[in-house]
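>>> Quick one, structure for this:
(chains A and B)
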There are 2 protein chains.
Amino acid sequence: MDFDLKAYLNVRRLMVENALNTLLPVESERPQKLNEAIRYSVLAPGKRLRPTLVIAAAEALGEDADLVMHVACALECIHVFSLIHDDLPCMDNDDYRRGRLTSHKVYGEAMALLAGDALLALAFELVAANPRSLPLDRVVQTMHIIARASGTRGMVGGQVVDMESQGVEVSQETLFYIHEHKTGALISGSVAAGAVMAGATQSQQEDLQVYGQQIGLAFQIADDILDVVGDEARIGKPVGSDQERDKATYPRLFGLEKSREMAHFHVQRALDALSTFGAGADPLRAIASYIVERDL
Amino acid sequence: MDFDLKAYLNVRRLMVENALNTLLPVESERPQKLNEAIRYSVLAPGKRLRPTLVIAAAEALGEDADLVMHVACALECIHVFSLIHDDLPCMDNDDYRRGRLTSHKVYGEAMALLAGDALLALAFELVAANPRSLPLDRVVQTMHIIARASGTRGMVGGQVVDMESQGVEVSQETLFYIHEHKTGALISGSVAAGAVMAGATQSQQEDLQVYGQQIGLAFQIADDILDVVGDEARIGKPVGSDQERDKATYPRLFGLEKSREMAHFHVQRALDALSTFGAGADPLRAIASYIVERDL
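Model prediction:
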C-alpha cells in the first residue's frame, strides 16, 4: 500500500489536539486548578489513537474529520480519564507517564481523581452538544456505545479483572476477557462511534465492529510483546513493568512467538472485515498493519 | 396543603429502588466484585431525593414515574458515584456513611474508585437506552443537562472549590459558587432532566429550572444548619463534621438566624416559580417546603 500513514497520523493528531485545545475548559475560569489539571493530562503528548480511529472510520464512509471531531475528542477524554485514574497510588501508583509527572504527582490525589471524573462527564457533554446537527438517532446510539465501552461491561470491567489477576495464575479465558475489555472495548468503541456518527448502514457497522474488535486485540497483544522486547524510550514506560507487576500477558501465557502469530492473525481478520470498503478505508487498513509492524 | 409527602416519598423511593435493583449489573456476572461493590453502595438505604425529583418534575407535567424511571436511576447513579469518590482517603476519608462502612473500607480503594467510575458511565448508558422510545431531542438534551451538571461546570467543579476552601477564609461569592455547584447542580439537573424527558415547553423548563436552583440552594443551606444544630442519628453523620474540617458553610459566614432566613427565602422563590402549575406540582411544592421544615 502506498498510503503514507505517518503523514496521515500526524495531520489527524494535530487536528484533534487543536480541537481539544478549544473544547477543554480554560485555566482562566473557575475551577482554575481543575481545568489546569485537565489540560495538563489531555494536552500531554500522545498518539491520539482513539480519536484518530473515530475519524478514520468516518472517512471510510466518505465523511470528513470535522463531522465527528466532538466525538473524537470525547473518546480521547475517556482514554485520558482512564490513564489518570490508572496512575493513582491505589491503582498502578505510577509517578511518570510518557516522561512527565503523572497528574496526582503534580496536583495531588484528590485533584487527579476529580480531573478524571470531570473528563468522563465532559466526554458525554461533547457528544450531546452535537454541533454539526447530525441526526439524533446517531447521537443517542453513539452515547450508548461509548457509555457501555467505558463501564462495567467495557473498560472498567477489564481493569477490575486485570487488577484481580495480578499475582495469580489466570486462564486463557480470563486473559481474553481482560484484553477484550480493558483496551479493546474503547478501541472498538471508537471505530463504532465514528461509523455510527457518519451514518454507516447496519452491514457497514457490523464490518467495522469486527475491524475494531480485531485491532483492539492485536493492539493489546502487541503492547504485551513490546513490554518484553521493546525499548523503553519508544514505549514510554519501563520495559518489563508488566512482568514486575505480575500481570497476565500473552507472552506469559503463550510465549513470544505464538503471541506474534496471534497479533498477525487478528490484524488479518481486521483487514478482511474491510474487504467491501474502497480506498476511503486505507487509513483504517494502514493503522491495522502498523500495529504489528512496530518491531514486535 | 393536604398532600401526604411522607407517603409520596415512600412510594417513589420504593419504585426507584426496585428499578435500580433491576437495572444495576448483577453479582453473578463478570466482573463480580465490581458489580457487588456497585450494588452495595447504590442499594444502601437512601432518601433517593434526586430520582424522586426527576419523577416529581415529570408528574408536574402530567406524566407518570415510569416514563422517566431510567433517567431517575441515572441521577441516583451519579449521586452515588460522587459519594463513593468523596469518601475516599484522598478526599474526605470517611469510614462510614449512613451507619455502614464506606465502599473503600469494604472493597479497597481501587475497587471503590472503579465502582464510582463505572456508575458515572452507567448513568449515561441508562439515559441512552431510552426504553420508552421518547423523542430523541429530549434524550440528547437530557444527556447534555446531566453531563454538564456532573462535570467541571457542575458538581465536580463545586467539589474542587470546596476542597480548596478548607481552612481558608472564603468570600460570599465563593460560598455561593460551592453551594450552587457541589449540591445544587445535580439537584436542579434532576428537576430539569425530568422536565425535559416529560416534554416540558420552553417556559415550563424555565420555571422548573428556577425551582430546581432555588431548592438546591435551600437544601445546602439546610444541610449546613443541620450540621450545627441537628442530631447525629437523623442526619447520618457526626454533628459538627463540617466545622471540624473547617469547611465553608452558611452559618459560619452569616450566623444561624440569617442562614435560616436565607433557606426560607429560597424555598419561597422555588414555590413562586411553580405558580402556573396545577395540583400535579404538589409533590414538588411539598418537597420544597419539607427542606426547611426539618427542625432547622
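
>>> Residue A:207 is in contact with residue A:276, isn't it?
Yes. Residue A:207 sits in contact with residue A:276 when judged by C-beta atoms under 8 Å, with a separation of 6.6 Å. (Glycine included, C-beta is placed from N, CA and C.)

>>> These two: which is more packed in?
Set side by side, residue A:207 and residue A:276 show more neighbours around residue A:207, with 21 against 9, by other C-beta atoms under 10 Å in any protein chain shown.

>>> show me the residues around that one that make contact.
A:273, A:274, A:276, A:277 (C-beta atoms under 8 Å, 6 or more residues apart in numbering or on different chains).

>>> Check which helix or strand it maps to.
helix A:202-229 (DSSP states H and E).

>>> Contacts only, for the residue in the stretch 151-296 of chain A that chain B sits nearest to.
The minimum distance from the stretch 151-296 of chain A to chain B, using C-beta to the nearest C-beta, falls at residue A:151 (3.4 Å). Residues counted as contacts of residue A:151 (C-beta under 8 Å, 6+ apart) are A:157, B:117, B:118, B:121, B:122, B:125.

>>> let's see it at 10 Å
Contact partners of residue A:151, counting by C-beta atoms under 10 Å, 6 or more residues apart in numbering or on different chains, are A:120, A:157, A:185, B:25, B:34, B:38, B:114, B:117-125.

>>> What is the neighbour count of the nearest residue to it once chain neighbours are set aside?
Nearest residue to residue A:151 in three dimensions, chain neighbours excluded: residue B:121, at 3.4 Å (C-beta to C-beta, 6 or more residues apart in numbering or on different chains). Neighbourhood size, residue B:121 [other C-beta under 10 Å]: 27.

>>> send the alpha carbons of the helix or strand where residue B:121 lies over as CSV?
Element membership for residue B:121, per DSSP H and E: helix B:109-129. Extracted in CSV, the C-alpha atoms of helix B:109-129 (Å, rounded to 0.1, in the frame of the first residue of the first chain):
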residue,chain,number,x,y,z
GLU,B,109,-9.6,1.9,47.4
ALA,B,110,-9.0,0.7,43.8
MET,B,111,-12.4,-1.1,43.6
ALA,B,112,-14.2,1.9,45.2
LEU,B,113,-12.6,4.2,42.6
LEU,B,114,-13.6,1.9,39.8
ALA,B,115,-17.1,1.4,41.1
GLY,B,116,-17.6,5.2,41.1
ASP,B,117,-16.2,5.4,37.6
ALA,B,118,-18.5,2.6,36.4
LEU,B,119,-21.5,4.3,37.9
LEU,B,120,-20.9,7.5,36.0
ALA,B,121,-20.7,5.6,32.8
LEU,B,122,-23.7,3.5,33.6
ALA,B,123,-25.8,6.7,34.2
PHE,B,124,-25.3,7.7,30.5
GLU,B,125,-25.9,4.2,29.3
LEU,B,126,-29.3,4.2,31.1
VAL,B,127,-30.3,7.5,29.6
ALA,B,128,-29.2,6.5,26.1
ALA,B,129,-31.2,3.2,26.4
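
>>> Residue B:51: which of the contacts of residue A:207 is nearest?
Distance to residue B:51 across those (C-beta to C-beta) is lowest for residue A:273, with 41.6 Å.

>>> can you count the residues close to that closest one?
By the criterion of other C-beta under 10 Å, residue A:273 has 22 neighbours.

>>> ditto for residue A:160
26.

>>> Check residue A:206 too.
Considering only other C-beta under 10 Å, residue A:206 is surrounded by 13 other residues.

>>> and if you look at the one 5 residues further on?
Each residue near residue A:211 was counted by other C-beta under 10 Å, and the total is 29.

>>> Could I get the contacting residues of it?
A:53, A:57, A:60, A:188, A:191-192, A:195, A:269-274, A:277, A:281, A:284-285, A:287-288.

>>> could you redo the last one with a cut-off of 7 Å?
When contacts are counted by C-beta atoms under 7 Å, 6 or more residues apart in numbering or on different chains, residue A:211 touches A:191, A:270, A:273, A:274, A:284.

>>> try residue A:223
Counting by C-beta under 7 Å, 6+ apart, residue A:223 touches no other residue.

>>> Mind pulling up the pLDDT for it?
As predicted, residue A:223 sits at a pLDDT of 90.

>>> With residue A:240 instead?
Turning to residue A:240, the model gives it a pLDDT of 69.

>>> Give me the residues contacting stretch A:40-58.
By C-beta under 7 Å, 6+ apart, the surrounding residues in contact with stretch A:40-58 are A:9, A:12-13, A:16-17, A:20-21, A:24, A:65, A:67-68, A:71-73, A:75-77, A:79-80, A:84, A:98, A:100, A:103, A:106, A:115, A:186-187, A:190-191, A:193-195, A:197-198, A:208, A:283-284, A:287.

>>> No further questions, thank you.
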